[in-house]
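Student: The sequence and its predicted three-dimensional model are supplied below.
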There are 2 protein chains.
Amino acid sequence: MQRIPSKTVERLIVYRRVLASRVEGRSGHVYSHELAGMARVSAVQVRRDLMEAGFSGSPSRGYEVDELLGRIDRILDAPDGMKAVLVGVGNIGRALLSFLAGRGLKIEVVAAFDNDAAKIDRVISGCRVYDMQTLPERSRALGVRIGVIAVPGPQAQAAADALVEAGVTGILNFAPVPLLVRAGVQVEQVDIMRALEKVAHFAKQEKAREV
Amino acid sequence: MQRIPSKTVERLIVYRRVLASRVEGRSGHVYSHELAGMARVSAVQVRRDLMEAGFSGSPSRGYEVDELLGRIDRILDAPDGMKAVLVGVGNIGRALLSFLAGRGLKIEVVAAFDNDAAKIDRVISGCRVYDMQTLPERSRALGVRIGVIAVPGPQAQAAADALVEAGVTGILNFAPVPLLVRAGVQVEQVDIMRALEKVAHFAKQEKAREV
DNA sequence: GTCACGTTGTGATACTATTAACAGTAATCA
DNA sequence: TGATTACTGTTAATAGTATCACAACGTGAC
Ligand SMILES: NC(=O)c1ccc[n+]([C@@H]2O[C@H](COP(=O)([O-])OP(=O)(O)OC[C@H]3O[C@@H](n4cnc5c(N)ncnc54)[C@H](O)[C@@H]3O)[C@@H](O)[C@H]2O)c1
Ligand SMILES: NC(=O)c1ccc[n+]([C@@H]2O[C@H](COP(=O)([O-])OP(=O)(O)OC[C@H]3O[C@@H](n4cnc5c(N)ncnc54)[C@H](O)[C@@H]3O)[C@@H](O)[C@H]2O)c1
């Protein structure tokens, strides 16, 4: 399976989401312009993405939805699911746990870690919190592949080091700190403050419409 | 002032952050490769970004830090600050309020809105929660320019419509729904689930290093 | 059948972003 | 002083991404 461009992966995730959530109206088919409308992208972008995904439609009926969903699943997901751990059970960490709990997602948070004695051994949204010290061996024993970092900025790099030591190959980082990891470990930054400052910058030069 | 590329704006935000947080060691100067190391980008990327920002350094001393920070502020921030409102005081919304409260940021959350009677009129992290119905006129009266959407997906588009009606020109959206807004309104998507699924996809094909 | 229509698949093209290459310059030192 | 060094500023080259334009195709109308 060839490598699919990063931006295409992002959109495939959105396509899957909007297809899964739409009322299964009539036929099991969808045209590129319909999918484009739901995902707020152009129709040609959809066709190009599905081409990258190696998927073909019919000029008369469009794309077969179930088959498309199956194909996207096969590209995006690991066949036997993926285990993740959370590092830092604070405001963001708890919000995330409560959000992820319950749903039968392919990505499952199997443990959380913190260094605050008041949190250790508690169970939050069905997920037990363990001592940070035990992260490397416990994560490795569980076969964890993904780490989510939600600790304060100054602790983020150490958390990343512990995760890499545990053998994770993907990190989702909420701390506003650029991480340094060995090659082969994927880091995805979710920088909320940066996003806010960015939108403020571009909003600044826009003119508000009068009532 | 000419338009600065989107990616450059993102990095200017990071440069400002790492410069502000570093221990003011010795001189008030910094070389491109030092800044690059702190921001985890290449040195040439730093030089190009500062060029886009219209800033010059000296070949012998590098860039004057205070002057650079001032220049970045002038580019990124509105001179008289910017007011924002939060829509949806749930898990994410509360985390955000507690995070933003107190600090003397240029972006200030002046009001929150919800449609849950149990939350209306409460004060959370110093921010009062109002009835969703009052959003357009109250936000307009306050001179709000930015809206943060943290309501469930199905309610996100309606929230965006209300914000646009209130005259905001920038929206930070946490709901996993692509928004449709009029031209001139900047939307920044913070799609946490997409980020998680994306990192899982790329982590999947990486090989974990053995102990 | 065949014509018109609306759609897909994709080469070509344009745009955005990153990286390489190097000329220009100030400081240092033999 | 002239050679050396380490940096900046910028043009050129490359990579990544999005869009345009259109050939190819299946379907239904007639
Ligand atoms: N809350 C927000 O809205 C928000 C917004 C933007 C960025 N962030 C970033 O997200 C991160 C978490 O934010 P938060 O609001 O949840 O913070 P928080 O203070 O509520 O939670 C941090 C948690 O990490 C734990 N922790 C601290 N050091 C640790 C260590 N060395 N090992 C393990 N656990 C440790 C703490 O005990 C605490 O439970 C921060 O980096 C913050 O900058 C948060
Ligand atoms: N919590 C997470 O970790 C997380 C992760 C990924 C995405 N998200 C997204 O962020 C959004 C918020 O998530 P959450 O966990 O905070 O949800 P939540 O259910 O905790 O909070 C939603 C809040 O919005 C309010 N609300 C509902 N409808 C409203 C309306 N029409 N007008 C005004 N207020 C309304 C509710 O009263 C509630 O206070 C959701 O779209 C969710 O998909 C959250």
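Tutor: Everything's here; your move. Ligands and ions are numbered 1, 2, ... in the order given.
Student: next one: phi and psi at the nearest residue to residue A:179 once chain neighbours are set aside?
Tutor: In space, and not counting its chain neighbours, residue A:179 is closest to residue A:160: 4.7 Å by CB to CB, 6 or more residues apart in numbering or on different chains. (Each C-beta comes from the backbone N, C-alpha and C, glycine too.) Note on residue A:160: backbone dihedrals following degrees, to the nearest 10 are phi -60, psi -40.
Student: what does the model give residue A:131 for pLDDT?
Tutor: For residue A:131, the model assigns a pLDDT of 98.
Student: whoops, residue A:210 was the one
Tutor: 68.
Student: Can you give me the distance of the residue of chain A found nearest ligand 1 to residue A:188?
Tutor: Nearest to ligand 1, among the residues of chain A, is residue A:90, at 1.6 Å (CB to the nearest ligand atom). Distance, residue A:90 to residue A:188, using CB to CB, to the nearest Å: 19 Å.
Student: So between the two, which is more surrounded?
Tutor: residue A:188 (20 against 17; other CB atoms under 10 Å in any protein chain shown).
Student: SS state for that one?
Tutor: strand (DSSP: H, G, I helix; E, B strand; the rest coil).
Student: Contacts only, for it.
Tutor: Residues counted as contacts of residue A:188 (CB atoms under 8 Å, 6 or more residues apart in numbering or on different chains) are A:170, A:171, A:172, A:173, B:195, B:196, B:198, B:199.
Student: Find the nearest non-adjacent residue to it, please.
Tutor: residue B:199 (4.1 Å).
Student: Can you pull the phi/psi pair for the one you found?
Tutor: According to degrees, to the nearest 10, residue B:199 has phi -70, psi -30.
Student: can you list the weak-confidence ranges in chain A?
Tutor: A:1, A:23-27, A:210-211 (pLDDT under 70).
Student: in it, which spans are strands?
Tutor: In chain A, the strands defined using DSSP state E lie at A:29-30, A:63-64, A:82-87, A:107-114, A:123-124, A:127-131, A:146-149, A:170-173, A:186-189.
Student: what number of residues lie near residue A:6?
Tutor: So residue A:6, with other CB under 10 Å, has 10 neighbours.
Student: Kindly report the residues of chain A close to ligand 1.
Tutor: Counting by CB under 6 Å from any ligand atom, chain A comes close to ligand 1 at A:87-93, A:113-116, A:119, A:132, A:150-153, A:155, A:158-159, A:174-176, A:192-193.
Student: Please, a PyMOL command that selects the buried ones among those?
Tutor: Buried members of the residues of chain A next to ligand 1, defined by 16 or more other CB atoms under 10 Å in any protein chain shown, are picked up in PyMOL with:
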select buried, chain A and resi 87+88+89+90+91+92+93+113+114+119+132+150+151+155+159+174+175+176+192+193
